[in-house]
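Q: What follows is a predicted protein model with its sequence.
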Amino acid sequence: MTQTGSLFSDSFEVLPGMTLLPGYASSSQLRPLITRLCEASPVRQMLTQRGQKIQVHMTNCGSAGWVSDSKGYRYTPIDPLTGTAWPTMPQPFIELANRAADLCGFPNFEPDACLINRYEPGLQMGAHQDRNEQDFTQPIVSVSLGIPARFFVLGLERKGTSTPVDLSDGDVVVFGGPARLVYHGVRKLKPAHDPIWGPYRWNLTFRKAM
DNA sequence: AAGTAGCC
DNA sequence: ACGG
């Protein structure tokens, strides 16, 4: 049930430290921004340290961007594809992430990195932790756009029973505190079409990386 | 291992 | 379950 009047009316606590804000983000507002960002730094498939392709196509905006290659996972100020800085994070992105975090009990969130992931039907993302950031007191804000997906959450170890969370266009998940380092991933997407995004799911993940 | 294979 |  809703706990206080300051929470978004439809918020739902998935587990301690993880809150779902259904329909909190606006695809019609965000689409032109994402289109422009991807013209500057296109989505691309990154490689794991062992040389395997990450299925999802990724790019970033902000003063730091998450990358994976033969040297491992890390944040860089430069896009290795373009050789120049990642695009500046649009102010509407910062405000969306800051307000969502505030609603969920994480005031003054100032993201410096936004990982932009593009999924298509048939793709998944295996269980992982977001642990390449400097300050684990800062939450993660995840925005789902386009076709639906089933998100899953484990605990602090990459094993055991998962909690499923079905995510639709505009849904925002905030996780921090006791949930900051939980393993999570995305189940294989079913074929679908969205009026704004076509056959894609986009996910924006806001972090305080540095 | 932010992946893939393979068995149940 | 996996390899270096």
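A: Alright, I've got the coordinates.

Q: What separation do you get for the nearest residue to residue A:63 once chain neighbours are set aside and residue A:82?
A: Nearest residue to residue A:63 in three dimensions, chain neighbours excluded: residue A:112, at 4.9 Å (C-beta to C-beta, 6 or more residues apart in numbering). Backbone N, C-alpha and C define where each C-beta goes, glycine included. From residue A:112 across to residue A:82, the span is 19 Å (C-beta to C-beta, to the nearest Å).

Q: Which one's more surrounded, the two?
A: The neighbour count for residue A:112 versus residue A:82, taken as other C-beta atoms under 10 Å, is higher for residue A:112 (19 against 13).

Q: Tell me how far that one lies from residue A:179.
A: Using C-beta to C-beta, residue A:112 is found at 21 Å from residue A:179.

Q: Correct me if wrong: residue A:66 contacts residue A:209.
A: Yes: the pair residue A:66 / residue A:209 is scored as a contact, 7.3 Å apart, by C-beta atoms under 8 Å.

Q: what do these two both touch?
A: A:75, A:113, A:132 (C-beta atoms under 8 Å, 6 or more residues apart in numbering).

Q: Nearest to residue A:10 among the residues you listed?
A: Nearest to residue A:10 among these is residue A:113, at 27.5 Å by C-beta to C-beta.

Q: The closest one is in contact with residue A:67, isn't it?
A: No: here residue A:113 lies out of contact with residue A:67, judged by C-beta under 8 Å, at a distance of 10.6 Å.

Q: so what sits against both of those two?
A: Common contacts of residue A:113 and residue A:67 (C-beta under 8 Å, 6+ apart): A:60, A:75.

Q: those helices in chain A, which residues are they?
A: Under the criterion DSSP state H, chain A contains helices at A:27-40, A:91-103.

Q: so how far is DNA strand B from residue A:178?
A: Distance from residue A:178 to DNA strand B, counting by C-beta to the nearest atom of the strand, to the nearest Å: 19 Å.

Q: burial count for the closest residue to that residue other than its chain neighbours?
A: Here the nearest residue to residue A:178 in space, its sequence neighbours aside, is residue A:17; by C-beta to C-beta, 6+ apart that works out to 4.2 Å. Counted with other C-beta under 10 Å, residues neighbouring residue A:17 total 19.
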